[in-house]
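J.: return atomic coordinates for the entry below.
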Amino acid sequence: MAESASPQRPSRDKAPSAVTPYGLWPSPIDGEQVARQATAYDAVHTSGEAVYWLETRPSQDGRAVVVRWTEDTGAADAVPAGFDVGSRVHEYGGGAYLPAGRTLFACSRGDQRLYRIDGQRSPVPITPEPPTPAGLRYADLRLVSSGTLLVCVRERHQGEGVVNELVAVPAEASADPWVMASGHDFYAAPRPSPDGRRLGWLTWDRPCMPWDGADLWVADLGPDGRLGAARHVAGGPQESVVQPEWDAEGVLHFVSDRSGWWNLYRERHGQVEPLLPMAAEFADAPWEFDYSSYAFVGDGRIACRYRQHGRDRLTLLDPETGRLTDLSIPYTSVKPYLRAVGDRLAFIGASPTASSAVAILQVPTGHLDVLAGAEVSLDAAWVSVSKPIQFPSRDGQTAHALYYPPTNPEVTGPADARPPLLVQAHPGPTADAKARLDLRIQFFTSRGFAVVEVNYAGSTGYGRGYRERLTGLWGVLDVAYCLDAARSLIQTGEVDGGRLVISGESAGGFTALCALASEDRLAVGASRFGIADLESFRQQAPRFQAHELDRLVGPYPEAAATYRARSPLHAVDRIARPVLLVHGLEDTVVPPMQAQVMAEALARRGIRHVLLAVPGEGHGFRRPDSIRRALEVELSFYLAALGLTPGMPDVPLATDDAIAAGSSDQRLGR
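T.: You can find the predicted model right below:
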């Protein structure tokens, strides 16, 4: 049995031994350690007494492996060496595998075909070879018709178009799937009833994203995998319905935000009824497939994970009485992958002092076993524990963030100084900062940086109204909330207002670049896999999310002028501080050319900048060398810009990693 993945407690008190400038504190947390312990745990499933999860391993160049655990055998890989599990439906994937006894159905990241793996046998493809590489993609798998058919979402890439549909796939051999449902822009969550006679599923159509509005449908399901007439259960353009599931009695449950919060509902006797109305979120924005933030345990109660005030709670709900009982777990962040095995509950949890771990909870006794987790060989005295903060925003609202003070048991900063502040804008914009141990953040806090992760307008976890604050204001209100968080910490004396840093990934990278163009007090910034030009991104983004910008910015092309006005690429003349751009050359979500054109624009203006473009990496780095190198470059870049090291070195713009049109002899401006 694996031990809990939490920092070691200090063996003795250590008094500070030196006064050292903030930002230059010595730290045992280096880039190599961050990379080595960046294993990700996702997508929990159960089958019989076995627990499965997906493990993404930087040590194997980011390969994703399905792991199977039983009490008798412990944890072992359920796929052969070299098999990389992953779906690219919507580009973000999810729902890439399904266990059934000792059989595993899994999608190969390489060719996107579905494979059947029986025990120790070699994987056998059960879907045809696509006409073009990765031209047919599958996700969100479920078995129907006594295990002879898989029903799933298929994404067809044909010419310039992309089509989503529900299909049935014979589970035994490679054969042409047939379409079960089509005609809507997007499909998700095909869920057969326990008796196999009905199927529930979700659809949504442009301009909605699934967290804006989605519909839940039910139809009779024949033994041949054909559907009868579809009946609408819930949802619409103004109601987000997610995560449909059937209980053992065949009652359909789902999560809806019709009240303004994602709460749990069920349909019984043709009537939809709320199970637990409360100001809390029982779901996450479904950027990926197969989320499950509730599960039916053996005694008829429902295990629920909900988020309130920036913290996740795991509870048991009695659906007949409405009684809610907290489950005692040492975690403040629980991923939306809850699966029940009788009276046991499998999930992935983390806390501000413990990295993510796969755990199984004995519901009757409260006994918790950790099945897998990244061992953090770090004395707890080095860990900066996040605290949720609230602060006034310039639009007259209350905003939220997680604040990490600089923490180091061996040194302290000068009495008359305050630490530099790293403002982090989370990826999204429909996402949120999680209260869990992140060694990337500890890398900076242990060196004397303060860090604030901002849950800016548009973030999940605070109700539909908070998400919708960003409507029409992306690139404005998200930026304002990040700067307001910094202002609040400056006013309370926590940080040095003259040494402000901003960074972000993906949508957060866009926010960081916008902030650099709008706030003179920022000293330096970094965009990792970020958007520089909204207009070209709107034209090139994955079909799943391209239209999201119509709500966040304005309908395109009618609002083309707004797209250009909000784009950092067209605001370079207002950027006066150094900029770091980090991008993977295989990024299929935000094209790497976004970073290239931004670098070229900065070069023309003579703005100090570095473009780190990494071959073989996509939207988020998976390989240890890439993770380590990017983090070390980022720290050096910040220190130079803050005047904490000698003047900024003449770093190549894009040496051997140059993007297509880049040149190996380009240099930093100024």
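J.: let me see the ranges of the helices in this structure.
T.: Secondary structure of the chain (DSSP state H): helices at 31-36, 439-445, 464-468, 477-491, 507-516, 534-540, 543-546, 548-552, 560-566, 593-605, 624-641.
J.: make a markdown table out of these and add mean pLDDT.
T.: Listed next are those as a markdown table, based on pLDDT from 0 to 100:
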| stretch | mean pLDDT |
| --- | --- |
| helix 31-36 | 87 |
| helix 439-445 | 96 |
| helix 464-468 | 96 |
| helix 477-491 | 98 |
| helix 507-516 | 97 |
| helix 534-540 | 95 |
| helix 543-546 | 93 |
| helix 548-552 | 95 |
| helix 560-566 | 97 |
| helix 593-605 | 97 |
| helix 624-641 | 94 |
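J.: can you put those helices in CSV and add distance to residue 389?
T.: The C-beta positions use only the backbone N, C-alpha and C, and glycine is treated the same way. Shown next, in CSV, are the helices of the chain (distance: least, CB to CB, whole Å):
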stretch, distance to residue 389
helix 31-36, 25
helix 439-445, 15
helix 464-468, 16
helix 477-491, 7
helix 507-516, 18
helix 534-540, 30
helix 543-546, 30
helix 548-552, 25
helix 560-566, 27
helix 593-605, 31
helix 624-641, 22
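J.: buried deepest among these, which one?
T.: Across the helices of the chain, averaging neighbours per residue (mean count of other CB atoms under 10 Å) puts helix 507-516 on top, at a mean of 30.
J.: can you list contacts of that one?
T.: 423-429, 431, 456, 474-475, 478-479, 482-483, 502-504, 522, 525-532, 534, 566, 568, 571, 575, 577, 579, 590, 598 (CB atoms under 8 Å, 6 or more residues apart in numbering).
J.: give me that answer again for 7 Å
T.: 425-429, 475, 478-479, 482-483, 502-504, 522, 525-532, 568, 575, 577, 579 (CB atoms under 7 Å, 6 or more residues apart in numbering).
J.: wait, what's in contact with the residue nearest to residue 341 when sequence neighbours are not counted?
T.: With CB to CB, 6 or more residues apart in numbering as the criterion, residue 341 has its nearest non-adjacent residue at 4.7 Å, and that residue is residue 46. Applying CB under 7 Å, 6+ apart to residue 46 gives the contacts 52, 339, 341, 346.
J.: give me that answer again for 8 Å
T.: Applying CB under 8 Å, 6+ apart, the residues near residue 46 are 52, 99, 339-341, 346.
J.: residue 236 too?
T.: Contacts of residue 236 (CB under 8 Å, 6+ apart): 213, 215.
J.: please renumber the chain so that the first residue is 49 from this point on.
T.: New numbering, starting at 49: the last item is residue 284.
J.: for residue 450, see how far away it is.
T.: Using CB to CB, to the nearest Å, residue 284 is found at 34 Å from residue 450.
J.: for residue 130, same thing?
T.: Residue 130 is 39 Å from residue 450, by CB to CB.
J.: more crowded one of the two?
T.: Remark: of residue 130 and residue 450, residue 450 carries more neighbours, 26 against 9, as counted by other CB atoms under 10 Å.
J.: closest one to residue 662 among the helices of the chain?
T.: With CB to CB as the criterion, residue 662 lies closest to helix 672-689 of those, at 5.0 Å.
J.: packing partners for that closest one?
T.: helix 79-84, helix 487-493, strand 548-553, strand 570-576, strand 627-632, strand 657-662 (3 or more CB pairs under 8 Å, 6 or more residues apart in numbering; DSSP states H and E).
J.: JSON lines for the ones you listed, including distance to residue 299?
T.: Converted to JSON lines, these look like this (distance: least, CB to CB, whole Å):
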{"stretch": "helix 79-84", "distance to residue 299": "46"}
{"stretch": "helix 487-493", "distance to residue 299": "42"}
{"stretch": "strand 548-553", "distance to residue 299": "40"}
{"stretch": "strand 570-576", "distance to residue 299": "44"}
{"stretch": "strand 627-632", "distance to residue 299": "44"}
{"stretch": "strand 657-662", "distance to residue 299": "49"}
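J.: quick one: closest of those to residue 316.
T.: Nearest of the helices and strands packed on helix 672-689 (CB to CB): strand 548-553, 42.5 Å.
J.: partner strands of the closest one and their direction?
T.: strand 469-473 (parallel), strand 570-576 (parallel) (DSSP bridges).
J.: could I get the CA-only coordinates of that strand as PDB?
T.: These are the backbone C-alpha positions of strand 548-553, laid out as PDB (Å, rounded to 0.1, in the frame of the first residue of the first chain):
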ATOM      1  CA  LEU A 548       5.200  42.700  -9.600                       C
ATOM      2  CA  VAL A 549       5.300  39.700 -11.900                       C
ATOM      3  CA  ILE A 550       2.400  38.300 -13.900                       C
ATOM      4  CA  SER A 551       2.200  34.900 -15.600                       C
ATOM      5  CA  GLY A 552      -0.400  32.500 -17.000                       C
ATOM      6  CA  GLU A 553      -1.000  29.500 -19.100                       C
END
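J.: if residue 406 is in a bridge, with which residues?
T.: residue 396, residue 420.
J.: ok, how many other residues are close to it?
T.: Residue 406, neighbours per other CB under 10 Å, totals 28.
J.: shouldn't it be in contact with residue 100?
T.: No - using CB atoms under 8 Å, residue 406 is not in contact with residue 100, being 9.5 Å away.
J.: which neighbours do the two have in common?
T.: Joint contacts of residue 406 and residue 100 (CB under 8 Å, 6+ apart) are 92, 117.
J.: now the strands paired with strand 548-553 in CSV, with mean pLDDT?
T.: As requested, those are exported to CSV (pLDDT from 0 to 100):
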stretch, mean pLDDT
strand 469-473, 98
strand 570-576, 98
